[in-house]
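Asks: 3D model of this:
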Amino acid sequence: MLRAYADGGARLATVQLSELQARMVGEIGLVTGVSSIQGRQDTEPVHLRLRFLEVYAWREERWQLVAAQNTRLPW
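Replies: Alright, predicted model coming up:
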């Protein structure tokens, strides 16, 4: 995935977030939502909707991302 962005093959035009929710469980922060992404992969248009979960831990006086997961949704 990083290679696609580094060589310019993947280009994002828009990223919109919706359904954002955040909550804490002790020193763990959970963020969920939906990303709607439009762009191009080489010459092909890309339209994605992803439900995401990000898990953060409070470490060394700051929030650190420790896990992330995306599930593709119908466009």
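
Asks: Isn't Gln69 up against Thr32?
Replies: No: counting by CB atoms under 8 Å, Gln69 stays clear of Thr32, with 9.8 Å between them. Quick note: C-beta positions are derived from backbone N, CA and C, even for glycine.

Asks: more neighbours, the two?
Replies: Neighbours were counted for Gln69 and for Thr32 using other CB atoms under 10 Å; Thr32 has more, 14 against 11.

Asks: Tell me which strands the helix or strand containing that one pairs with, and in which orientation.
Replies: Thr32 belongs to strand 28-41 when assigned by DSSP states H and E. Strand 28-41 pairs in its sheet with strand 10-25 (antiparallel), strand 44-59 (antiparallel), by DSSP bridges.

Asks: Most tightly packed of those strands?
Replies: strand 44-59 (a mean of 13; mean count of other CB atoms under 10 Å).
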